[in-house]
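Peer 1: Predicted structure and sequence below. I'll ask about it afterward.
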2 protein chains.
Amino acid sequence: MSEFSSLDYKMMSRAINLAKGGIYTTPPNPNVGCVITRDDAIVGEGFHYRAGEPHAEVNALNMAGDKAVGSTVYVTLEPCSHYGRTPPCASALIQARVAKVICAMEDPNPKVEGINMLRDAGIEVQVGLLKSDAEALNPAFIKRMQTGLPFVQLKMAASIDGQTALSNGESKWITSAQARSDVQKYRAQSDAILSTSKTVIEDNASLNVRWSELPETVKSQLAENEVRQPKRVILDRQNLLTSELKLFSTKGPRIIVSQQGDLSPHLAPSGQIDLVPTFADLASNFGINHLWVEAGATLATSLIKQGIVDELVLYLSPKLMGSDGRGLLGALGLQSMQETIELNFRDITQIGPDIRIIAKVENKES
Amino acid sequence: MSEFSSLDYKMMSRAINLAKGGIYTTPPNPNVGCVITRDDAIVGEGFHYRAGEPHAEVNALNMAGDKAVGSTVYVTLEPCSHYGRTPPCASALIQARVAKVICAMEDPNPKVEGINMLRDAGIEVQVGLLKSDAEALNPAFIKRMQTGLPFVQLKMAASIDGQTALSNGESKWITSAQARSDVQKYRAQSDAILSTSKTVIEDNASLNVRWSELPETVKSQLAENEVRQPKRVILDRQNLLTSELKLFSTKGPRIIVSQQGDLSPHLAPSGQIDLVPTFADLASNFGINHLWVEAGATLATSLIKQGIVDELVLYLSPKLMGSDGRGLLGALGLQSMQETIELNFRDITQIGPDIRIIAKVENKES
């Protein structure tokens, strides 16, 4: 017999769906949802909407009021135990005299002691209900907490024969307006968008989130003035960026990675940026959990080779361009089929006339 | 108000499903299904199973017996009016004294006069019910009848970055056993499998249908001794084929396209095979409706450039191989994005760990 009842599953599932309401606004905080029941009826619920604003548990407790006494609390992540921008949720739950707390998962940050605090206060705590669904709410938060590295999604776009541009460099547009709008959605979900000065200069790219280009599904859950601009991280080892670029006239924070910039990169003996420790610095110095990379084949190839990409988000358009165009990746120098980079297709969706493939990169142990 | 009743739609839909029972056995004949009703009840039904054996209408009439008198006949294709290997179905319907015939579509061969024969005999005939579904049963038959050219499906397989082999030529295996089994299914549905002597020699390819490798879904609708071996068409302009190749020791007809072979190819001024007229000869001389092409990048590129491919059947595997491998196509020499070969994704299906994309090639007017 499961330790959880069917009502428990239903309520946690509801909490998980609630958590998704913060997907565009909580970064760098995790998405968390909370449902409070008494006598098997919902008396409060809420989710964390934006970093700095009340956590899910506090929103749900506020709604429940006095009915929180003796209640059961379903929360998708272990309640926090420390004073941050808001007081600890574990204290709030204790003060509200709830009877029981069911957490989908522990906090990946070992410093969080919410469960212990609750138990010490005599509250019954159960852990693990719908754990993998709860983990899927916050892959980037979990990855950084566990490894110190951001969760890296690499966006690429190509014709179905793997070409990103013609030999003369022309590439506008390989993918459809719908696919480009889908990219805006991913930007809007990320903590930071990373590119290189070369790409920024070539396209005079703003690398921002543009309300007008967001898919309707996003616009329907977000007001225009609530759009959060992710940090724009530009690798600029050679100091090529100049102030007249759109990057500098558009809203949104910038992190220039260069010796004179906002973050000094680690350099490999070759003189190239050593990506793994530099990404670790981005995570620790700037609180970046979720890094969305839009760059050319050179950086993409380096990232893939160094095993630092978690997911590929690849848009393939219904076009053939021929192998005299520019390929998705540079040379990998593989000598046998055992050396190919293995992926795992997670999701395949048609986006307008194009296909979007989300693939996990099966990085081998290094 | 539609001229057809909901019962009409139901019965024609049933006839269309019946027709699919012949998908592996009817070539080069079309797939046809037939349902006969009297007083709104089914009294007979059947489909065409194999070229040379009774047509769908005859099978259904045999089942109906005397109940065919005064009946309504639903047939997915205009009944034939000529003596072939079997007597004309239109005559059989007239003789059986059916009251009404509903055809999903006319025969694309203008010589077929079945509808006129029936009308001349005083039988009511309606045409066009579920026409596009009926057309989808026999795209290859229709294309040859209308254009004199076979319906050409080009099979390709690559890593997700568009590579078909490493730079050293290694390619075993890019796609999974499930994808290769799916290819066997397509071979089994085709009239002929076309390749080049170069590919046949490199892989010592049999290009046959192998029962043991067919998907279970096919095995469940076909007995082992009913497997039909498609014609194997090998382009061998330079007479490179030698008799010890597996091609010659495996069962199944062969059509060697060379000056001394079974079909003499048309040659372009460059000395290369002129593919369009050669394919027209394959259609007219050998009754090939449905040509399944498995070849390397060189032939694939020529076929695509010459606008002779109807559908691409592309297997993409969850691998990255780098642009120093071998590309899906050779050079296309495109100068602007307006010149890209446009496709239309028809179907995207996960096959084991791989993706299969069926794409219509939008050949521009030449």
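Peer 2: Arrived safely. Keep in mind that this is a model prediction, so the values were computed, not measured.

Peer 1: contacting residues around A:H55?
Peer 2: A:H55 makes contact with A:V32, A:H48, A:P79, A:C80, A:T86, A:C89, according to CB atoms under 8 Å, 6 or more residues apart in numbering or on different chains. From N, CA and C alone the C-beta is placed, and that goes for glycine too.

Peer 1: out of those residues, who's nearest A:T26?
Peer 2: A:H48 (5.5 Å; CB to CB).

Peer 1: which residues touch that closest one?
Peer 2: Contacts for A:H48 (CB under 8 Å, 6+ apart) come out as A:A19, A:G22, A:T26, A:N29, A:P30, A:N31, A:V32, A:G33, A:P54, A:H55, A:A56, A:N59.

Peer 1: In strands, which of those residues fall?
Peer 2: A:G33 (DSSP state E).

Peer 1: Just the ones of the contacts of A:H48 in helices?
Peer 2: When DSSP state H defines the helices, the subset of these inside them is A:A19, A:A56, A:N59.

Peer 1: number of nearby residues for the nearest residue to the last one once chain neighbours are set aside?
Peer 2: By that I understand A:N59. Nearest residue to A:N59, sequence neighbours excluded (CB to CB, 6 or more residues apart in numbering or on different chains): A:G46, at 2.6 Å. Per other CB atoms under 10 Å in any protein chain shown, the neighbour tally for A:G46 reads 25.

Peer 1: before we move on, what SS does A:G46 have?
Peer 2: Look at A:G46: counting by DSSP: H, G, I helix; E, B strand; the rest coil, its state is strand.

Peer 1: neighbours around A:T25, how many?
Peer 2: 20.

Peer 1: In contact with it, which residues are there?
Peer 2: Counting by CB under 8 Å, 6+ apart, A:T25 has contacts A:Y49, A:R50, A:A51, A:L222, A:E226, A:R228.

Peer 1: export those to CSV and tack on pLDDT?
Peer 2: CSV is the format used below for the contacts of A:T25 (pLDDT from 0 to 100):
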residue, pLDDT
A:Y49, 94
A:R50, 92
A:A51, 87
A:L222, 87
A:E226, 88
A:R228, 92
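
Peer 1: which two of those lie the greatest distance from each other?
Peer 2: Maximum distance among the contacts of A:T25 (CB to CB): 15.3 Å, for A:A51 and A:L222.

Peer 1: Test for you: state the pLDDT assigned to the residue nearest to A:N59.
Peer 2: Per-residue pLDDT puts A:G46 at 97.

Peer 1: and the gap between it and chain B?
Peer 2: To chain B, A:G46 is 38 Å away according to CB to the nearest CB, to the nearest Å.

Peer 1: So what pairs up with that residue in the strands?
Peer 2: In this entry, A:G46 is beta-bridged to A:C34, by DSSP bridges.

Peer 1: so who does it touch?
Peer 2: With contact taken as CB under 8 Å, 6+ apart, A:G46 is in contact with A:L18, A:G33, A:C34, A:P54, A:A56, A:E57, A:V58, A:N59, A:A60, A:N62, A:M63.

Peer 1: Tell me which residues touch whatever residue of the stretch 51-200 of chain A ends up closest to chain B, please.
Peer 2: In the stretch 51-200 of chain A, the residue that lies nearest chain B is A:G162 (2.2 Å; CB to the nearest CB). Neighbour list for A:G162: A:G327, A:L328, B:A158, B:I160, B:D161, B:G162, B:Q163, B:S323, B:G327, B:L328 [criterion: CB under 8 Å, 6+ apart].

Peer 1: quick one, what contacts the second one?
Peer 2: I take that to be A:L328. Contacts of A:L328 (CB under 8 Å, 6+ apart): A:M156, A:A158, A:G162, A:Q163, A:T164, A:A297, A:A300, A:L314, B:D161, B:G162, B:L320, B:S323.

Peer 1: if we take those, which one ends up nearest to A:E342?
Peer 2: When the contacts of A:L328 are compared for distance to A:E342 (CB to CB), B:L320 wins out at 8.3 Å.

Peer 1: For the stretch 251-366 of chain A, which residues are neighbours of chain B?
Peer 2: A:297, A:301, A:304, A:312, A:314, A:318-325, A:327-337, A:340-345, A:348, A:350, A:353, A:355, A:357, A:359 (CB under 8 Å from any CB of the partner chain).

Peer 1: Drop anything exposed from the residues you listed.
Peer 2: A:297, A:301, A:304, A:312, A:314, A:318-323, A:325, A:327-330, A:332, A:334, A:340-343, A:345, A:348, A:353, A:355, A:357, A:359 (16 or more other CB atoms under 10 Å in any protein chain shown).
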